Every structure is written in structure tokens, then in C-alpha cells.
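1. return atomic coordinates for the entry below.
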Amino acid sequence: MLAFASSPRLFGSLLYQHSVRCLRATGRPLGLLLLSACSSAGCQGGENTPSDGAGGAPSASGGAAVGTGGGSSTSGGSDGSGGTASGGNAAGGSASGGEDNRGSGGATVGPACKDGLLLCDDFEGTSIDTALWAVGKSGANVVELSTEYAARGAQSVHIHTEGAFGYVKNTSIFPVANNDYFGRMFLRVARYSTVDWAHWTVAEAAGTGNDSVVRVGGQYLTDKEENRYGVGSDGGPTGDWTRHDTDPGGQPQEPTLGAWVCLEWEHKGSTNETHMYIDGELHPSLSTTATDHDGTSGAEYILPNVTSFWFGFWQYQADPEPFDIWIDAVALDDERIGCGAE
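-> Okay, the predicted model is just below:
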């Protein structure tokens, strides 16, 4: 107390930040928070996952910046307007006042983000930040902010597709040192396809040097009547391929439906290696190298010099039913980010 008394400005700042965190986590009015204790668990933000039952229709906050196409190595179209970020959530100080710990480039740093990451967005703004993201979508597909579900904070990006794709793409942080980076996303999917051998992607890197794209996603295995997580590529010397998950111990689980999953990956361009983690656990069956992959025999899987990365959903085969996907707390950095609260 003597330290606080000798520095009232510091005390007031700390008390204000603590109250704001509690208000976000609990929804209790600021006045009540100042009069009552807030438990450690209640001040952490944590997961906001409303039930699937009645109550609480999805609501977009502020609307999304909507593109008119979306690019890929396998299909045409162009990204929506987005512009270039001037730094993103690069390492740097927090905004004056410290309330939201915003990075110098404007990426929201909240319950799922920390200062110093190359890129992190928990989508807590009033609209998708077009200084960080170009929105790509095909046809009447929807990419919007939603309060229906959130892995961290109160909002996420909801993607509704009736064929093809919807995503948010970043180019502003690239190139990265040594062409090495880690990624992290929280993913919630209402359903996956059961169309024969349907292949879907939830994150993809592209760049220069060769036409290969680096994919994180999965596929419906018709012979097993199951979906599996997978990694792979298309467009380059190794062709179009997907390596399917067989972990743990040859007894893989189907991708989770109706709940949040934390997906992480390492793309190590300096040595042409990739690795994938699911809910914090490394899945060695999804690791690849230049010579250990499921593409064209004898061809080397050389990662592109990455210049863009998108998070979202793309299914390449037609499906009679729509898809609803939510993504949250997406991040890229030169070190592993992890799935825990930060």
C-alpha cells in the first residue's frame, strides 16, 4: 500500500486496467466491480461458448469488409479490398493508456493476444480490420464478425459458405526472417463434408520461388467414412496431395464438431519442414520434409518464400449443404505461440 500511496497515478492505472478486464470477462457493471471481489478465474477472459440451444442469434458487429473474389492456386478470383498494414501487431509498445494493449500497427491485442507477436487478432473490434486483412469470398458467401461463439473474448469471425471459399488474408508481415514461422488458430466447425474424398483447407500460405501452396486442413476419406485432419500442397513440383493424420498411435480421432479446437503449425522454409499440433499435441504423422511427403515421387517439397497467409475455409468439391465455420485468436510469429490464455 505504501508503494501505491506514493504513486497514485500508477495505482489508478492498475486499478482501471483490472476493472476493465473484469468487466469484459464477467459483464458486471464497473461500479459493482469496484465494490466486490473478482475471482482469479473470473478475471482471465476465458472461453465464451454459448450453448447450441435457443437464445442468442448470431450478430455481426459493425459488418465485415467484403471482397469480390479470393485468390488461390486452384481457382480464380481476387481478394477483397483490404490494403496494407503498416506494421500489424508487430513488436512494440502498447497504445497510450494501456487499456487494450494495442500494438503499434493497430491489431487488437486482447484476451488471446500479447505484445510482440508478428501478427495476432482476436477480432474484438467493430469490424474486420482491413489494415490487417483482405477479405476473400466466392459468390454470396459470408465473412463477418459474430458474437454467437468466441474462443477468446466476445467475438470471432463467422464464415458461411455455399460452395468454395471465404477467408481473411494477411500480407503485411511478410517476408519473415529465414522464411520460418509458427501459426495458431482456434477453429469451430458445424459440419464437415461427406462427399467422396472432399478436401478442405482452413489455412494456407503462398509465395514466390515456386507455385507450391502450403495447406492446413483435412479430407473426407471415403473408404473409412471419416474426415481426418491433413496437411499438403498444390501447384508446385509435388502436385496436389494431402497427408492424413494417423495420431495418436494409429488411432486418429475425427475432427471435432461443435466445439473449439486449437490448431498450430510450424512452416520452416529454411529447411523445408512442416509440423502440426492439435490442441497442443504434436502429430508426427503430419510432419513433412523436402523428401518425406505424399506428393509426386522423386520431387522435392520446397516451401515457397511466403508472401501471404489466409485463415478461413475452402472446400474444393461441390457439396449440397452449406458450411458454417468460426475462427478466432489467429496468430503468426517466429516462435511457437501455444493455445493457452496469454
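
2. those strands in the stretch 151-300 of the chain, which residues are they?
-> With DSSP state E, counting those that start in this stretch applied, the stretch 151-300 of the chain shows strands at 156-161, 164-170, 180-189, 199-208, 213-221, 226-234, 241-244, 261-268, 273-278, 281-282, listed in chain order.

3. identify whichever of these lies nearest to residue 331.
-> Residue 331 sits nearest to strand 180-189 of all these, at 4.7 Å, using Cβ to Cβ. Placement of C-beta: from N, CA and C, glycine included.

4. report the angle between the closest one and strand 261-268.
-> With axes from the mean of the first three to the mean of the last three Cα atoms, to 10 degrees defining the directions, strand 180-189 sits at 160 degrees from strand 261-268.

5. elements contacting strand 180-189?
-> Helices and strands touching strand 180-189, as assessed by 3 or more Cβ pairs under 8 Å, 6 or more residues apart in numbering; DSSP states H and E, comprise strand 199-208, strand 261-268, strand 305-315, strand 323-333.

6. hmm, 10 Å instead?
-> On a contact count with 3 or more Cβ pairs under 10 Å, 6 or more residues apart in numbering; DSSP states H and E, strand 180-189 meets strand 119-121, strand 156-161, strand 199-208, strand 213-221, strand 261-268, strand 273-278, strand 305-315, strand 323-333.

7. list the buried residues of the third one.
-> Going by neighbour count (16 or more other Cβ atoms under 10 Å), the buried part of strand 199-208 is 199, 200, 201, 202, 203, 204, 205, 206, 207.

8. any regions of this structure where pLDDT drops low?
-> Applying pLDDT under 70 to the chain picks out residues 1-112, 341-342.

9. still on that earlier bit, could the helices and strands packed on strand 180-189 go into TSV alongside distance to residue 247?
-> Listed next are the helices and strands packed on strand 180-189 as TSV, based on distance: least, Cβ to Cβ, whole Å:
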stretch	distance to residue 247
strand 119-121	27
strand 156-161	27
strand 199-208	18
strand 213-221	13
strand 261-268	14
strand 273-278	8
strand 305-315	23
strand 323-333	23
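
10. okay, those, which one's buried deepest?
-> Ranked by mean neighbour count, the helices and strands packed on strand 180-189 are led by strand 119-121 with a mean of 27 (mean count of other Cβ atoms under 10 Å).

11. partners of that strand in the sheet?
-> Paired neighbours of strand 119-121 in the sheet (DSSP bridges): strand 323-333 (antiparallel).

12. using CSV, write out every CA atom in the partner strand.
-> Extracted in CSV, the C-alpha atoms of strand 323-333 (Å, rounded to 0.1, in the frame of the first residue of the first chain):
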residue,chain,number,x,y,z
PHE,A,323,-20.8,-24.8,-44.2
ASP,A,324,-20.6,-22.7,-41.1
ILE,A,325,-17.1,-22.1,-39.6
TRP,A,326,-15.9,-19.8,-36.9
ILE,A,327,-12.2,-18.8,-36.4
ASP,A,328,-10.7,-16.8,-33.5
ALA,A,329,-7.5,-15.7,-31.9
VAL,A,330,-5.4,-16.2,-35.1
ALA,A,331,-1.7,-15.6,-34.8
LEU,A,332,1.6,-15.8,-36.7
ASP,A,333,5.0,-15.5,-35.1
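
13. how many other residues sit next to the closest residue to residue 259 other than its chain neighbours?
-> Sequence neighbours aside, residue 188 is the residue nearest to residue 259 in space, at 6.6 Å (criterion: Cβ to Cβ, 6 or more residues apart in numbering). By other Cβ atoms under 10 Å, 22 other residues sit near residue 188.

14. from here on, call the first residue 557.
-> Got it, the first residue is 557 from now on, which makes the last one we talked about residue 744.

15. bridge partners for residue 744, pull those for me.
-> Beta-bridge pairing of residue 744 under DSSP bridges involves residue 882.

16. wouldn't residue 705 be in contact with residue 714 here?
-> Yes: at 7.9 Å, residue 705 counts as touching residue 714 under the criterion of Cβ atoms under 10 Å.

17. between those two, what contacts are shared?
-> By Cβ atoms under 10 Å, 6 or more residues apart in numbering, residue 705 and residue 714 have these common neighbours: 614, 744, 880, 882, 884.

18. need the contact list for the closest residue in space to residue 768 that isn't next to it in sequence.
-> Among residues not flanking residue 768 along the chain, residue 792 sits closest, at 2.8 Å (Cβ to Cβ, 6+ apart). The contact partners of residue 792, by Cβ under 10 Å, 6+ apart, come to 629, 765-770, 851-852, 855-860.
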